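K.L.:
here are the coordinates; sequence isn't available:
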């Protein structure tokens with residue numbers, strides 16, 4: 001079916017200076033790095049962008065900085081991350097004014113809802129905004145798995161333009177691909193960095209990989225190989241990216257899971273000279289020199305430095 005959005009749409013990291021302030025120069029450089037890597041869109045204010053840690057002013061600064069640097073080169077898909085419907089609508093209108101071409105919305109969180117309330121949540125948001133709405137299925141953060149039948153119904157009714165799946169549930173992901181196969185302009189993305197070839201073979205329109213911040217060209221090559229039907233080449237590139245993904249396992253329990261993954265991506269980009277610092281949002285800890293050295297070895301092994 002025709003796609004509005006497809007390909008590689010990495011969730012852009014948020015660089016900070018050593019003093020904790022937003023590093024706009026590094027954010028501009030990272031955006032150019034992604035565009036030069038051949039991405040087909042940018043996902044702003046997602047989990048990889050440390051969105052729950054950003055103040056309202058920081059969120060606006062991040063979106064405006066990326067929008068100015070992007071200058072319309074690729075679509076901007078921006079997270080409208082808030083707990084409940086009206087708060088999401090307010091946030092969505094702000095980011096649309098700053099340049100969002102589409103928004104990404106989770107189910108409610110902190111508030112305790114059910115499937116009926118979740119459906120109403122998405123329908124009200126769709127009615128209030130004038131851009132495509134993507135459902136973000138990320139139960140590790142919302143503690144609610146979006147039901148497949150709900151997503152398909154919302155897709156058929158034109159309420160959502162697609163799904164960014166970070167559920168980690170490969171069975172439900174495949175079931176969603178099958179159930180939505182005949183819906184026009186309904187685009188499904190995997191957030192799972194190391195099984196992208198399988199997702200594309202199953203019919204996914206693309207990938208939203210945190211690791212894509214480090215190696216956007218690798219993911220572009222993978223997607224292009226899949227589009228050409230060269231699954232051997234796609235699998236080989238996926239294998240290399242899976243090896244690169246080992247950077248997230250270099251911290252050995254010293255930092256939280258979130259800080260380990262995002263910290264590894266930031267540290268890799270710092271080594272590569274894309275960003276200035278691997279500073280994390282408070283209270284997360286940055287990776288140390290020993291962990292940085294281990295990541296450099298992996299970057300060398302996979303051809304990035």
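P.N.:
In hand now; what should we look at? Keep in mind that what you see is a predicted model, and the values were worked out from it rather than measured.
K.L.:
Which residues does the helix or strand of the chain at the bottom of the mean pLDDT ranking contact?
P.N.:
Across the helices and strands of the chain, the lowest-confidence element by mean pLDDT, DSSP states H and E is helix 139-142, at a mean of 94. Defining contact as CB atoms under 8 Å, 6 or more residues apart in numbering, one finds that helix 139-142 is touched by 47, 106, 107, 108, 109, 145, 146, 166, 167, 168. From N, CA and C alone the C-beta is placed, and that goes for glycine too.
K.L.:
right, and the helix or strand after that helix?
P.N.:
For helix 139-142, the succeeding helix or strand toward the C-terminus, using DSSP states H and E, is helix 148-156.
K.L.:
Pull the distance from that next one to the chain's centre.
P.N.:
How far helix 148-156 lies from its chain's middle: 21 Å, per CA atoms, centre = their mean, to the nearest Å.
K.L.:
Can you name every helix or strand that it contacts?
P.N.:
Helices and strands touching helix 148-156, by 3 or more CB pairs under 8 Å, 6 or more residues apart in numbering; DSSP states H and E, are helix 115-128, strand 133-137, strand 162-165, helix 170-179.
K.L.:
Go through that helix and flag the buried ones.
P.N.:
Neighbour counts using 16 or more other CB atoms under 10 Å place 148, 150, 151, 152, 154, 155 of helix 148-156 among the buried residues.
K.L.:
who's in contact with the third one?
P.N.:
When the contact criterion is CB under 8 Å, 6+ apart, the partners of residue 151 are 135, 137, 160, 163, 176, 180.
K.L.:
could you give the mean pLDDT of stretch 117-126?
P.N.:
In this model, stretch 117-126 has an average pLDDT of 98.
K.L.:
ok, now stretch 270-281?
P.N.:
Taken as a whole, stretch 270-281 has an average pLDDT of 98.
K.L.:
what's in contact with that stretch?
P.N.:
Residues contacting stretch 270-281 (CB under 8 Å, 6+ apart): 13-18, 20, 23, 25-26, 29-30, 33, 50, 53-54, 214, 259, 262-263, 266-267, 269, 286-287, 292, 295-296, 299, 304-305.
K.L.:
Please indicate which of those residues are buried?
P.N.:
Here, 16+ other CB under 10 Å leaves 13-16, 23, 26, 29-30, 33, 50, 54, 214, 259, 262-263, 266-267, 269, 286-287, 292, 295-296, 299, 304 buried among these.
K.L.:
Could you dump the contacts of helix 139-142 into a markdown table with neighbour count added?
P.N.:
Below are the contacts of helix 139-142 laid out as a markdown table (neighbours: other CB atoms under 10 Å):
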| residue | neighbour count |
| --- | --- |
| 47 | 23 |
| 106 | 25 |
| 107 | 24 |
| 108 | 20 |
| 109 | 18 |
| 145 | 15 |
| 146 | 25 |
| 166 | 23 |
| 167 | 21 |
| 168 | 14 |
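K.L.:
if we take those, which one ends up nearest to residue 94?
P.N.:
Proximity of those to residue 94 (CB to CB) peaks at residue 106, which lies at 16.7 Å.
K.L.:
follow-up on the earlier one: highest neighbour count among the contacts of residue 151?
P.N.:
Using other CB atoms under 10 Å as the neighbour criterion, residue 163 leads the contacts of residue 151 with 29 neighbours.
K.L.:
residues touching it, list them.
P.N.:
134, 135, 136, 137, 146, 151, 155, 176, 187, 188, 189.
K.L.:
Out of the residues you listed, give me the two with the largest separation.
P.N.:
Between any two of the contacts of residue 163, the greatest separation by CB to CB is 15.5 Å, found for 146 and 187.
K.L.:
Check the burial of residue 37 by counting its neighbours.
P.N.:
Counted with other CB under 10 Å, residue 37 comes out at 19.
K.L.:
just checking, it touches residue 220?
P.N.:
Yes - with contact defined as CB atoms under 8 Å, residue 37 reaches residue 220; the gap is 6.1 Å.
K.L.:
any common contacting residues for these two?
P.N.:
Taking CB under 8 Å, 6+ apart as the criterion, residue 37 and residue 220 both touch residue 8.
K.L.:
neighbours of residue 35, just the number please.
P.N.:
Residues near residue 35, counting by other CB under 10 Å, number 16.
K.L.:
Need the phi and psi values for it.
P.N.:
For residue 35, the backbone dihedrals are phi -60, psi -40 (criterion: degrees, to the nearest 10).
K.L.:
ok, the residue nearest to residue 88 when sequence neighbours are not counted - contacts?
P.N.:
Distances taken as CB to CB, 6 or more residues apart in numbering put residue 82 closest to residue 88, at 4.6 Å, once the chain neighbours are dropped. The contact partners of residue 82, by CB under 8 Å, 6+ apart, come to 88, 90, 91.
K.L.:
can I assume the first one sits in a helix?
P.N.:
Yes - under DSSP: H, G, I helix; E, B strand; the rest coil, residue 88 falls within a helix.
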